[in-house]
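> the sequence and its predicted three-dimensional model are supplied below.
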There are 2 protein chains.
Amino acid sequence: MAKWIWKFGELEIYHSLMLHDRRQQYGFPEPVVWKMYAPEPVVVFRKKVTTQGGVFRIRACGHASTSVQTGENPWETIKCGGKSEISLEAGTATVQIRVSNAKTFPCIYVDGIIESDESWEADDLSVNFAPVGSSPLFTDREKTPESFPFAYEAVFCDKREEMSGGVLFDFGQETFAAVKLLHLTEERVRINYGESREEALDDEWSVIHFVREPKEGELSFEPSAFRYLYVSDKGADVEAAYEYLPLEYRGSFRCGESLVNRVWDVAVYTFHLNSREFFLDGIKRDRWVWSADAYQSLFVNHYLFFDPEIEKRTLIALGGKAPFKRHINTIMDYTFFWIMGIREYYQTYGDRKFVRQMLPQMQEVMAFCESRESADGFMREKPGDWIFIDWAPMDKEGALCGEQILYARALECYGDLLEAAGPDVVISAEEDAGGPYRVPDEKDRPGRAGHIGQKYLQKAKKLQEQIRERFYDKEKEVYVDSYESGRRNVTRHSNILAYLFLPCDREQKRNIYEKVILNDEVRQITTPYFKFYENQVHALEGNGTLLEESIRQYYGNMLATGATTLYEEYDPGMKGAEHYAMYGNPYEKSLCHAWSASPIYLLGAFRLGVRNTGVAYETFEVCPNPGDLKSFSGRVPVPGGAVEVSVNEKEIRVKSDIPGGTLKINGKEWKLAVGEEIVVSYEEKNTDHGR
Amino acid sequence: MAKWIWKFGELEIYHSLMLHDRRQQYGFPEPVVWKMYAPEPVVVFRKKVTTQGGVFRIRACGHASTSVQTGENPWETIKCGGKSEISLEAGTATVQIRVSNAKTFPCIYVDGIIESDESWEADDLSVNFAPVGSSPLFTDREKTPESFPFAYEAVFCDKREEMSGGVLFDFGQETFAAVKLLHLTEERVRINYGESREEALDDEWSVIHFVREPKEGELSFEPSAFRYLYVSDKGADVEAAYEYLPLEYRGSFRCGESLVNRVWDVAVYTFHLNSREFFLDGIKRDRWVWSADAYQSLFVNHYLFFDPEIEKRTLIALGGKAPFKRHINTIMDYTFFWIMGIREYYQTYGDRKFVRQMLPQMQEVMAFCESRESADGFMREKPGDWIFIDWAPMDKEGALCGEQILYARALECYGDLLEAAGPDVVISAEEDAGGPYRVPDEKDRPGRAGHIGQKYLQKAKKLQEQIRERFYDKEKEVYVDSYESGRRNVTRHSNILAYLFLPCDREQKRNIYEKVILNDEVRQITTPYFKFYENQVHALEGNGTLLEESIRQYYGNMLATGATTLYEEYDPGMKGAEHYAMYGNPYEKSLCHAWSASPIYLLGAFRLGVRNTGVAYETFEVCPNPGDLKSFSGRVPVPGGAVEVSVNEKEIRVKSDIPGGTLKINGKEWKLAVGEEIVVSYEEKNTDHGR
């Protein structure tokens, strides 16, 4: 089947550029604060084809010019210019379609006797032909990849309230919609978008607002996030079209506790609002792609949509292009999370082709990182670096523990990915295709990735040992933020990262858990962002109530404030509109933030207990853990199907659509056979097949 | 005075992209065949300013967001968002304006209490702040640099001829104009552009033609080149606006021979048509920027417009961006000519700032070249390389002599340029400006350029010696194309390049001149492109008639075919429409080609005899040589003025507006004093000051 194709990565670079240019702030567009990359304006597509002869059609975004080379000599090529229908004689020919597009990005759709698909290669006239990019979202000749194929659904306001000379519309819940105002009578009309009522009523500080002159009593606006709209025209009526990416809900979770179910549902809605071209941070502000936020979204996606496409798009967009001169989002840790994210993607879907396609940019990024190592191999702040880890006080003097742990982990992931790419890596699929654009020399290839992989695995191991030597405080028996400052400051962050990403032994893990995580004297994590990691530590340590407590209290109280989506951060000590303030401004907190959707992941991985232990679930474990819940059931998506788990006070039932699973309960193990339900009763700990 | 500013290079990258996307061929747009680069979509501009307080205004192409940092802590910055008028308090502040523009390129105009000018810096959020780009063409707030400020002048058709169911318009001479058709009666109208009558009348093979549907009897077209227009509508009338870049004619030449004067005038018109955003190859086809064509245009420009701006724009556009992965225009020699061109620019204008600004891309390009050297240091063909030198048979087996000579010359020029940039090179003007975007570390700077310069000068010298060893045939006493093939093939090309660009001694030069250049058995140069170099050899060897012969015969006969501009190539053996064919198609020869304008340079440098011998004419020589002309006079532009030379059968008169000149005649020398005319009579060879 024919599909739209482009130079690998360019769709994502283009839509990322569009996306990051859409932010609105206090009446003005607000440009992104990190490096953006532009699509290549001229690209050549090629394929060597053998046909019985016939006609093919070309549709291009941009100006296309086609040449057909039937012999071995590139100078004997037939130039077809800009024709959109071209005849091929029977036999073998190399078809090259050169496309320039200075407005969007070059892409083509070819059908007829030959078709555009993944078997084509593309090059930006740099002699670097490589397999093209494509997407199941773009298979329709009439719908170009220049527009992202969102779906639209009318949403309606619950309540229309005339006030302050205008109208306040309440849509009942957060949405992301294109708004059309009707029946306007004023010459100039103001519209304030509000995630809260207070925000919509604040002319100055509503983050998104416009003042426009209606035409024939109407105004239309690009989609934005809101629950409330204030319009400064008493006659105003509103129509709104919810814009979203259609994604299948492949994971599910239901338990006997309605509040937990409600949190799951709100997390799902929150997450869906933020799952669009890419994984976004929040749907109102910034609506940008942040690497560490996206990294967590991968995990949530694995337990909800299990959609590899949005993961690939996000990882490509984040990686940018060469020359890579500054950390992703300007944040050192975020570059490391990007590499870790690619490995997480690979582990989940086993997609070696994607790893190979990402290899050139991974090489570029890792070369950047290595060029910035201190003499001792640690990563210290350089001009332009933001050393983040979390919004929390930390001793950032000299090398910061968390950054080193993540760097070592990134090196390890990179080594793994190089191994996965294989020792036989050849980026060009068609080495001997000939044509004016020949493939690079043997020595120019990224080949022998596997051997380089070993080098990085060893480097990672060495760095991990060095981290242990320098940052592990032998007296405190936990990790300190900085060994250079002499302050021996202990934070949850350094120790959580050590627990999860260093090869700690059981005793070290236990120490970290007891001396830091369970120690109320160590300052608490305040962001849902880092709670994601802390909750994993709790779960891995077998804590069976904390997840539910957090859901009931933290999220329960958040919902009690009237939240219809999950906030970026929630402080139970605040009240009223205080909840909406952040970054020094009254409504800059995102009230619909992806990183707060982690219960989807945590309930899936640590209550339903389904966890990938191999590549693409070749092996996986199912360790259902009732935790503090009496009963629950749900589905966890896996490649080619799902695993169903149901737990009540009497028994555990598990059924898998795929082989490779092992059910583990209290030290006992049962192999899962495809399609056969296993029932384990609590009392008897027996197996009972085939029911 | 305020002016538009942009990240250095981005204006040129943008307009080059637009330019290269405008080619039309047989009814379709024809994309460029080499790598194009896109502008950076997000750029930050900054300046540390000290004011008495007041308001400044911002006009931006794109979305702007401004911040003002008054203290040392970047976190305490005042965010002004998208406001276009901003107040500054008295004192010192760092103003940062972040601009995103995914459609054209980010640029700003600031006026009021502070103004945008060369003292600002820009960065693409890669922590590489460097002085901005600006241009005397863009100083008007209301005229953004997104549109190139061409001038327009109505041109009129000489002759309207109804034929073939339509009308043929003859404009009397080649032009480049926006065409408007009026009083059309047909539903669909064809327009064929023709540099020749034959081309305009050829529906299939006229290179530029369109079929369009008129609106209200009218059609408008983007500017294209033509002398003739055929319109398939008997009612058609035409209006045409010649589009050109206003450039001052600072050089002049007049002699007693009207044909020579006519060639000079036609060369001037040809060259002006091709001097636009950049130096173009030809005004019809390709209307692209080719490095070696542009290199020659520098020399012509020095004797005509003496406009540094078009040279800078051309050199920036050709250099492209990092990553640099393929030779300029895909041609190996053209990359070398680019480096040589930058040195030529520097030698002419002494503009160290430009050299410094070009340094990063020069480094990138030279690193690319060095990465492609063979083990012996020679440059041999690699995938994607076009080994060109000229349209002529050459023995291209293994290392080609001409490429090595040009590479060595490029290394030498690069060394010179690094020396010129100075050992104190610091790209960032304001090291301690602070702000969120700090300047790079000491070791990241391109600093100490001077020392690296020495390295390249030595490398060039070593390579030149090696070329001598390998390519100089001791028996033939001239250079051979290839030492690897064993064929010992001798061409003019290798020897002309050796004469001009290797440090040959007098004897070697004499050998080359006698055994190759004056040897009719060595295949003649057929392109005006390489005649440019061959004529220099003749002139340097003191040949006093060949230039005139070439002008009278080659150009004279070309004009006799009806040429109103100078052709890309001219073969006296052809007749009629044969003259218009090239590249296998009947009208693909460019009939208005910049590289044919070299008489402007040759007459200026070798008849008027004014030649720069230092940097920016700190020293220069005036060696008037009547050649085969009886009398002539003219002006050669120099920095800050001109040198006037007048020669007749009795005397030579020279006057210079600037110091540094030495008049040289027959081994005698006279120092030129500013504004004082020197008159040397032929008979007496006396000086006679002050007449």
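Thanks, I have the structure now.

> who's in contact with stretch A:512-522?
A:476-479, A:490-492, A:495-496, A:498-499, A:504, A:534, A:537-538, A:541 (Cβ atoms under 8 Å, 6 or more residues apart in numbering or on different chains). No exception for glycine: its C-beta is placed from N, CA and C like everyone else's.

> flag every buried residue along it.
The neighbour-count check on stretch A:512-522 (16 or more other Cβ atoms under 10 Å in any protein chain shown) flags A:512-513, A:515-517 as buried.

> buried ones among the contacts of stretch A:512-522?
By 16+ other Cβ under 10 Å, those give A:478-479, A:490-492, A:495-496, A:498-499, A:504, A:534, A:537-538, A:541 as buried.

> what would the residues you listed look like in a markdown table with pLDDT and distance to B:His15?
Shown next, in a markdown table, are the buried ones among the contacts of stretch A:512-522 (pLDDT from 0 to 100; distance: Cβ to Cβ, whole Å):
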| residue | pLDDT | distance to B:His15 |
| --- | --- | --- |
| A:Val478 | 97 | 59 |
| A:Tyr479 | 98 | 55 |
| A:Val490 | 98 | 57 |
| A:Thr491 | 98 | 52 |
| A:Arg492 | 98 | 54 |
| A:Asn495 | 98 | 55 |
| A:Ile496 | 98 | 52 |
| A:Ala498 | 98 | 53 |
| A:Tyr499 | 98 | 55 |
| A:Cys504 | 96 | 58 |
| A:Glu534 | 96 | 53 |
| A:Val537 | 96 | 56 |
| A:His538 | 95 | 59 |
| A:Glu541 | 94 | 62 |
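
> out of those, which sit inside helices?
In helices, judged by DSSP state H, the following of the buried ones among the contacts of stretch A:512-522 are found: A:492, A:495-496, A:498-499, A:534, A:537-538.

> from those residues, which two are the most distant?
Across these, the longest distance by Cβ to Cβ is 15.4 Å; it joins A:Ala498 and A:His538.

> show me the contacts for A:Thr564.
A:Thr564 is in contact with A:172-174, A:227, A:266, A:269, counting by Cβ under 8 Å, 6+ apart.

> out of those residues, which end up buried?
Among these, those buried by neighbour count (16+ other Cβ under 10 Å) are A:174, A:227, A:266, A:269.

> how's chain A carved up into domains?
Here the domain assignment for chain A is A:5-131, A:151-244, A:247-302+A:311-319+A:525-602, A:328-523, A:607-681, based on automatic domain parsing.

> need the least confident one among the ones you listed, by mean pLDDT.
For those, the weakest mean pLDDT is recorded on domain A:328-523, namely a mean of 88.

> for it, the distance to its chain's centre please.
18 Å (Cα atoms, centre = their mean, to the nearest Å).

> over to stretch A:651-670?
For stretch A:651-670 - counting by Cα atoms, centre = their mean - the centre lies 29 Å from the chain centre.

> what residues of that stretch count as buried?
A:651-658, A:660-661, A:663, A:665, A:670.

> of these, which belong to helices?
Short answer: the buried residues of stretch A:651-670 have none in helices (DSSP H).

> and chain B, which of those contact it?
With respect to chain B, and counting by Cβ under 8 Å from any Cβ of the partner chain, no part of the buried residues of stretch A:651-670 is in contact.

> take these and write them to a markdown table, including distance to B:Asn625.
Formatted as a markdown table, these follow (distance: Cβ to Cβ, whole Å):
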| residue | distance to B:Asn625 |
| --- | --- |
| A:Glu651 | 108 |
| A:Ile652 | 103 |
| A:Arg653 | 103 |
| A:Val654 | 98 |
| A:Lys655 | 98 |
| A:Ser656 | 93 |
| A:Asp657 | 91 |
| A:Ile658 | 89 |
| A:Gly660 | 89 |
| A:Gly661 | 93 |
| A:Leu663 | 98 |
| A:Ile665 | 102 |
| A:Trp670 | 101 |
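
> now do the same contact list for A:Leu315.
In this structure, A:Leu315 makes contact with A:294, A:338, A:341-342, A:345, A:358, judged by Cβ under 8 Å, 6+ apart.

> ok, those vs A:Arg285, which is closest?
Closest approach to A:Arg285 among the contacts of A:Leu315 (Cβ to Cβ): A:Ala294, at 16.6 Å.

> that older thread, between the ones in helices among the buried ones among the contacts of stretch A:512-522, which sits nearest chain B?
Proximity of those to chain B (Cβ to the nearest Cβ) peaks at A:Arg492, which lies at 24.1 Å.

> ok, that closest one touching A:Lys531?
No. Under the criterion of Cβ atoms under 8 Å, A:Arg492 is not in contact with A:Lys531, lying 10.1 Å apart.

> any residues in contact with both of those two?
A:Ile525.

> can you check which helix is longest in chain A?
If each helix of chain A is counted by residues according to DSSP H, the longest one is helix A:449-471.

> helices or strands next to that helix in the packing?
helix A:401-421, helix A:492-501 (3 or more Cβ pairs under 8 Å, 6 or more residues apart in numbering or on different chains; DSSP states H and E).

> how about 7 Å then?
On a contact count with 3 or more Cβ pairs under 7 Å, 6 or more residues apart in numbering or on different chains; DSSP states H and E, helix A:449-471 meets helix A:401-421.

> tilt between the helix it packs on and helix A:449-471?
Angle of helix A:401-421 versus helix A:449-471, following axes from the mean of the first three to the mean of the last three Cα atoms, to 10 degrees, is 160 degrees.

> burial count for the residue of the stretch 51-200 of chain A found nearest chain B?
Across the stretch 51-200 of chain A, no residue is closer to chain B than A:Gly82, which sits at 2.4 Å (Cβ to the nearest Cβ). Counted by other Cβ atoms under 10 Å in any protein chain shown, the residues lying close to A:Gly82 total 18.

> how about A:Lys234?
So A:Lys234, with other Cβ under 10 Å, has 15 neighbours.

> so how far is chain B from it?
Between A:Lys234 and chain B the distance is 29 Å, computed by Cβ to the nearest Cβ, to the nearest Å.

> I'd guess that residue is in a strand, am I close?
No. Per DSSP: H, G, I helix; E, B strand; the rest coil, A:Lys234 lies outside any strand segment and is coil.

> so who does it touch?
Contact partners of A:Lys234, counting by Cβ atoms under 7 Å, 6 or more residues apart in numbering or on different chains, are A:162, A:165-167.

> can you flag the buried ones in those?
A:166-167.

> including secondary structure, could the contacts of A:Lys234 go into CSV?
What follows is the contacts of A:Lys234, written out as CSV (three-state DSSP):
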residue, secondary structure
A:Glu162, strand
A:Gly165, coil
A:Gly166, strand
A:Val167, strand
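
> give me the three-state assignment for the closest residue to chain B within the stretch 351-500 of chain A.
For the stretch 351-500 of chain A and chain B, the shortest gap (Cβ to the nearest Cβ) falls at A:Gly384, measuring 3.4 Å. Secondary structure for A:Gly384, judged by three-state DSSP, is coil.
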